[in-house]
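K.L.:
Sequence first, predicted model second:
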Amino acid sequence: MRIGYYPGCSLLGSSREFDESVRAVMGALGVELVQVPDWNCCGASSAHVLDAALAAALPARILAQAAAAGLDEVLAPCAACYNRLVSAQDSIAKDPRLAKEVEEAVGAPAGRVKVLNVLEVLDRLRPEIQARIQAPYARKVACYYGCLLVRPPRVVKFDRPEDPRSMDLLAAAAGATPVEWPFKTECCGASFSVTRTDLVAKLSGRVLEGAVKAGAEAVLVACPMCQSNLDMRRPEINARLGRDLEIPVLYITQALGLALGLEPEKLGLQRHFVPALARV
Amino acid sequence: MSRIGVFTCHCGENIGATVDCGKVAECSRSIPGVVHSVDYKYMCSDPGQGMIKEAIKEHGLTGVVVAACSPRMHEPTFRNAVAEAGLNPYLCEMANLREHCSWVHEKGEVTTEKAADLVRVMVEKVKHNQPLHPIRVPVTKRALVLGGGIAGIQAALDIADAGHKVVLVEKSPSIGGHMSQLSETFPTLDCSQCILTPRMVEAARHPNITLMTYAELEKLEGFIGNFKATIRRKARKLDEKLCTGCGLCIQKCPQKKIPDEFNEGLGQRTAIYVPFPQAVPNKPVIDTANCTFFKSGKCKVCEKMCPTGAIRYDQEDELVTLDVGALVLATGFKVMRTDKFPEYGYGQDPDILDGLQFERLASASGPTLGVMKRPSDGKEPETVVFLACSGSRDRAKGVPYCSKICCMYTAKHAMLYRHKVHHGKAVVFYMDIRSGGKDYDEFVRRAIEEDDVQYVRGRVSKIHREDGKLVVKGADTLQGGAPVEIRADMVVLATAVQSQDGSEELAQKLHVSYDPYHFFAESHPKLKPVETNTAGIFLAGACQAPRDIPETVAQASGAAAKVAALFARDELTREPVVAVVNRLPAPTFSYCVGCFLCQSACPYQAIEQEEIKGRDGSVLKVVARVNAGLCQGCGTCVATCRTKAIDIQGFSNEQIYAELMTL
C-alpha cells in the first residue's frame, strides 16, 4: 500500500515520537508513506477563527500539492490537521463561491484527495497487525479519542461520535484489554494549554483520574494535543488533583509498535515527560 | 364535434402569482374544440362553480377542463358542479396548474407556456372521455378495530353504541395498551387504571363488541364496505371457555424469572401468565419460548393444577376470516429505549430509566407497589434527574419531531416523585416547555412552584457512574451556558415516541400511506385527520402521530363517527375507474384471446374467466372479465394485455395517446 503523508508541524516538533512511531509501524506493515511535497501549515488552531477563506485555502493547498503528486489518499496523523483538512474539504464542497476564491488563491482546484486519520488507516491493516503480533501489549488501556477525530460527526463521518471504538479494536488487536470508561471524548483543554494551564489541569485531570478509576495501566491517544496535555502538563495536573498520577500516555502507534516487536527507541518512547519506557 | 369549456383558477396567489392565468385562458380559446375559456380567482368557491354551471347551459358544453389544483381535493367538487348542470360528471377533468407548475417553477413566460400545455393536454383527453356511471356496492355493517389500547377501546365502544357490530383485535393477551401501564395521568393526576379498567370491562361486555385478544391481522382483501380480513388467533394453549381465571396455574408455575413486559422489565413473571391482575380477558397464556414443558418436554404443572382442565398444550394458531365494512387502526406507539443513547451509557445502567419504566415504578400496581425504589439496589433515590427531549427534536441522532407528551409527563413524573419522597430533589433538564392544552401549563407551573421541581434549560451531554452516583453533566443555557453537574441516584429519560414495531409492514399490507417514521398518514393534515388514503380505513391515536390521552380519545371518537356515517348507508358508490375487457360482435366477441396473463398479473384477484357460449350451449370462446367490485383500477392488466383488449375506464389508451400526441 502506498499512501500520502502529511506530518504537520506537531509531528516535527513537540510530537516527534508520533511521527517516528507512525513511520515505524507503517514500515513494519509494509505501507509506503509518500510525504506531500512542499507542504504548508494546516491553519489550526487560529485560521478558522480568523478568516474562513484562509482556513479553507491552507488545507486546499496541501491537498492540491498531494493531488499534483498523484496521491489519492493522504494520512494526517495529527488529529487537528486531520480535522482541518476534512473540514476545509467540506466547506469548499458546500460553498461554490468559497471554492472559487480558494482555487484562485491556491492556483489549483482542491481536488478529490481522501484525507485519512491514523486510526482509519490502521483499521484497514488490522488483519496484518494481528498476524504480526510478536509481543502482545498485554495491559489494561484506556483509549482516549478526544474531540477532533470524531467531531463534528456530519463532517468527519468517522466512528461513533459519542462512543468511538476504532482505537479500542486496534488496542485489542495488539493484545491489550481496553477498559470501558466514560471519558473517551471528553475535552482535554486543548490549546488552552498555554493561556489557561489551570483549565487544562482541571479537564485533563478528570480524564486521567477517570482512566485510573477504570483500572487502566496506560492511556492510548491518537492526537498530539491530547498527548501533550495529558503528558507534559502532568505536574500541573497532579498539583491540582493533589495526588501523583503516574499513568503513561502512549500513542496508539507506540503501543502497536511494541506489540509488533519494534524497539522502544525507534518508537520515541524515551521522549515522554511521564516515563513510559519503564512501564511498557 | 366537442364543445369544451376551460376554467382557469388563480388559486388565490398559489397559481396566479407565478402563472399568467389570463394568458392561459386566452391561449386555451384557440384550442380546436374549446368554445369557452375564462379565468377566476377561486374557481372552487360558490361563484366559481356557478360560472361553470352557467357556461355548461349557455354554451352547451360537452366537456369541462378545470385548470386549478390537484384533483385529490377538488375533483369531486367540480364533478358535482358539472353534474348539477346536467352533464355527466366524468366529462369533467382537472389540469393541475398548482403542484405540477406554479409551485415548482419560477414566475416567467415559460411557466405560463407550460400551464397552457397542461390545459391543452387535458382538453385532448376530455374530447375522448365517455360518460361513466358510479359502481354501486353493498356495505357490510361490521367494523374491525386493530389495537386494544385506549384508542381502540374508545373507537369500538362508540361504534358499538351507534348500533353496529365491532371486532376488537389486540395482539397482546389483554386489552388496555400503554394506558394500563401508567401511574397517574396529567393534568389531573387521576389514576390511569381507575379510569381505564371500567372501559375495558365495558368493551368486553358490550353485546356489539367481539373481543379477540392475542390475535393479529394476517391479511386484508377487498375495499370499503366489503373488506375480508383474516385474523390469526395465536394459541393461548388454553381453552378460554373452560378457564375461570382462578390463577392457580400462575401461582404454581416453576418459571418465575421471566422479564415482565407489562412492568417494562422491572419485574418478573411466570411462563403461564396474565399481563396484569386487571387484564381483560382475565385468561392466561403460555409463553412457549420460556415454558419448561415446551423447552424440555417435562413439567405440565399448570395442567395438573388446573381445576377445570383448561390447559391445551397442543392448541395451534387459528385463522379466522371476517367480512367487515370498515377498519379503525389504533395500533399505538412505542418509546425509544435507553440503549439508543451512547452518551447516557447505552441503557446499561439499571438506574437510568425511560418514561414508561418510571410509570411502572410510580404505579401502585407496579413492581415496588408504588414505593420509590431505584432498580439497582432498592434504595430510595434522593436525587432524580429527568431529561426531556431524549431523542426527540434531535436531527443528528434521534428523530426530528417533537414527541408531544414528554413535557407533560416529565412534569408529572417529577411531581409524583416529590409527592412520594418529600425530602428528595427533582431536577428537569429541558429545551422548551411545550404545555399547550387545557390546564396543562398550570400543571407545569404547579410542579415548579408548589412541588419545588428544579427546571434547568439545557441539554445533558453525558451521564456516567462515579463512586455509586450517576454524574449528570449538562449546561444551563439561562446562565450563559454554565456547566451543571448533578450527582443523581436515578435518571429518567423522556425518550422519543416512535411508531409501533411492524407499522411499515402493516401499512403496506393495508395499502395505507405512512410517513418517514412509519406513523400512518392521514388523508389531509387539516380536513381529513382520521381518514387514510384508503377508503374505509380510519385512524385513531398514536399510530398516526405522538398523542396524549385526551387527543387520542377525541380522535378515536372521530374515527368512530366516520365509521357510523359509513354504516348509515346501505349502499356505497365507487368511482368507475376500473378495467374493462372489450366486447365485440360475433364471431370475434373480444380482442381477448384468453391467454389470462392478466389474471396472474392482477394484484387484487379481480379477473375472472368467462365462457362465451353459442345457442346450443357449447363454449365458443373463453375470455377475461373484470370484477368491477374488486378492481382497483391500477392498470397492471392493461400493460400486460398482448392484444390491447383491456382498458381502464376514464384512462383508456386512446385518451392517454391523445394527451401525449398533443404535446
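P.N.:
That came through fine. Residues are numbered from 1 along each chain as shown, chains lettered A, B, ... in the order given.

K.L.:
CA only for contacts and neighbour counts going forward, please
P.N.:
OK.

K.L.:
distance of the residue nearest to B:K228 when sequence neighbours are not counted from B:L220?
P.N.:
The shortest distance from B:K228 to any non-neighbouring residue, by CA to CA, 6 or more residues apart in numbering or on different chains, is to B:D323 (4.7 Å). In this view, B:D323 and B:L220 are 10 Å apart by CA to CA, to the nearest Å.

K.L.:
go on, A:R126?
P.N.:
A:R126 is 51 Å from B:L220, by CA to CA.

K.L.:
Next up, the contacts around residue 118.
P.N.:
Just going to use chain A. Neighbouring residues of A:V118 by CA atoms under 8 Å, 6 or more residues apart in numbering or on different chains: A:L75, A:A76, A:P77, A:A222.

K.L.:
um, chain B though
P.N.:
Contacts of B:L118 by CA under 8 Å, 6+ apart are B:A95, B:N96, B:L97.

K.L.:
what's the closest residue to chain B within chain A sitting at in phi/psi?
P.N.:
In chain A, the residue that lies nearest chain B is A:E162 (5.5 Å; CA to the nearest CA). Main-chain dihedrals, A:E162, degrees, to the nearest 10: phi -90, psi -30.

K.L.:
quick one on the thing from earlier: more crowded one of A:R126 and B:L220?
P.N.:
Using other CA atoms under 10 Å in any protein chain shown as the criterion, A:R126 and B:L220 rank with B:L220 on top: 19 against 16.

K.L.:
about what we covered before: just the closest of the contacts of B:L118 to chain A, please.
P.N.:
Nearest to chain A out of the contacts of B:L118 is B:L97 (CA to the nearest CA; 33.4 Å).

K.L.:
related to what we said a few turns ago, would you double-check that the residue nearest to B:K228 falls in a strand?
P.N.:
Yes: counting by DSSP: H, G, I helix; E, B strand; the rest coil, B:D323 is found in a strand.

K.L.:
ok, how many other residues are close to B:S45?
P.N.:
By the criterion of other CA under 10 Å, B:S45 has 12 neighbours.

K.L.:
I'd like the distance between it and B:C9.
P.N.:
Distance from B:S45 to B:C9, counting by CA to CA: 10 Å.

K.L.:
rewinding a little: which of the contacts of B:L118 has the most neighbours?
P.N.:
B:L97 (32 neighbours).

K.L.:
how about the residues of chain A near chain B?
P.N.:
Residues of chain A that fall close to chain B, judged by CA under 8 Å from any CA of the partner chain: A:E162, A:D163, A:P182.

K.L.:
ranges for the strands of the stretch 151-280 of chain A?
P.N.:
A:177-178, A:218-221, A:249-251 (DSSP state E, counting those that start in this stretch).

K.L.:
The longest one - which strands sit beside it in the sheet, and in what orientation?
P.N.:
Sheet pairing here is set by DSSP bridges, and for strand A:218-221 it gives strand A:140-144 (parallel), strand A:249-251 (parallel).

K.L.:
and if you look at the first one?
P.N.:
When pairs are called by DSSP bridges, strand A:177-178 turns out to pair with strand A:140-144 (parallel).

K.L.:
buried set for the strand it pairs with?
P.N.:
A:K140, A:V141, A:A142, A:C143, A:Y144 (16 or more other CA atoms under 10 Å in any protein chain shown).

K.L.:
Just give me the neighbour total for the residue nearest to the last one when sequence neighbours are not counted.
P.N.:
Think A:Y144. Distance criterion CA to CA, 6+ apart; nearest residue to A:Y144, sequence neighbours excluded, is A:K184 at 4.7 Å. The number of residues packed around A:K184, counting by other CA under 10 Å, is 22.

K.L.:
ok, A:K184 - contacts?
P.N.:
Per CA under 8 Å, 6+ apart, neighbours of A:K184: A:A142, A:C143, A:Y144, A:Y145, A:G146, A:D163, A:P164.

K.L.:
separation between it and A:A214?
P.N.:
12 Å.

K.L.:
With B:I311 instead?
P.N.:
Relative to A:A214, B:I311 is positioned 52 Å away (CA to CA).

K.L.:
more neighbours, those two?
P.N.:
Each of B:I311 and A:A214 has its neighbours counted (other CA under 10 Å); B:I311 has more, 25 against 18.

K.L.:
circling back to that earlier point, the buried residues of strand A:140-144 into CSV, with extra columns for pLDDT?
P.N.:
Converted to CSV, those look like this (pLDDT from 0 to 100):
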residue, pLDDT
A:K140, 96
A:V141, 97
A:A142, 97
A:C143, 98
A:Y144, 97
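
K.L.:
I'd like the residues you listed as TSV, with distance to B:G541 appended.
P.N.:
Supplementary listing: those in TSV, determined by distance: CA to CA, whole Å:
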residue	distance to B:G541
A:K140	52
A:V141	50
A:A142	48
A:C143	47
A:Y144	46
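
K.L.:
Check those and tell me the two furthest apart.
P.N.:
A:K140 and A:Y144 (12.9 Å; CA to CA).

K.L.:
any low-confidence regions in the stretch 401-550 of chain B?
P.N.:
Along the stretch 401-550 of chain B, no part satisfies pLDDT under 70.

K.L.:
Show me what from it comes close to chain A.
P.N.:
So the stretch 401-550 of chain B meets chain A at B:H464 (CA under 8 Å from any CA).

K.L.:
Run through the strands of the stretch 351-500 of chain B in chain order.
P.N.:
Using DSSP E, counting those that start in this stretch, strands in the stretch 351-500 of chain B cover B:352-354, B:383-390, B:425-430, B:454-457, B:460-466, B:469-476, B:482-488, B:490-495, B:497-499.

K.L.:
Rebuild the ones you listed as CSV, extending it with mean neighbour count.
P.N.:
Shown next, in CSV, are the strands of the stretch 351-500 of chain B (neighbours: other CA atoms under 10 Å in any protein chain shown):
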stretch, mean neighbour count
strand B:352-354, 25
strand B:383-390, 25
strand B:425-430, 22
strand B:454-457, 18
strand B:460-466, 18
strand B:469-476, 19
strand B:482-488, 16
strand B:490-495, 27
strand B:497-499, 24
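
K.L.:
Tell me, how many residues neighbour residue 195?
P.N.:
Using chain A. 9.

K.L.:
Oops, wrong one, chain B.
P.N.:
B:I195: 14 neighbours (other CA under 10 Å).

K.L.:
could you measure the closest residue to B:S435 other than its chain neighbours against chain A, distance?
P.N.:
Closest residue to B:S435 apart from its sequence neighbours, by CA to CA, 6+ apart: B:D441 at 5.0 Å. The spacing between B:D441 and chain A, counted by CA to the nearest CA, to the nearest Å, is 34 Å.

K.L.:
What is the burial count for B:D441?
P.N.:
17.

K.L.:
again, but for the one 4 residues further on
P.N.:
A count of neighbours around B:R445, defined by other CA under 10 Å, yields 15.

K.L.:
Over to A:N83?
P.N.:
A:N83, neighbours per other CA under 10 Å, totals 25.

K.L.:
my guess is it is in a helix, correct?
P.N.:
Yes: looking at A:N83 with three-state DSSP, it is inside a helix.

K.L.:
Return the distance of the residue nearest to it when sequence neighbours are not counted relative to A:D163.
P.N.:
Closest residue to A:N83 apart from its sequence neighbours, by CA to CA, 6+ apart: A:L148 at 5.9 Å. According to CA to CA, A:L148 stands 13 Å off from A:D163.
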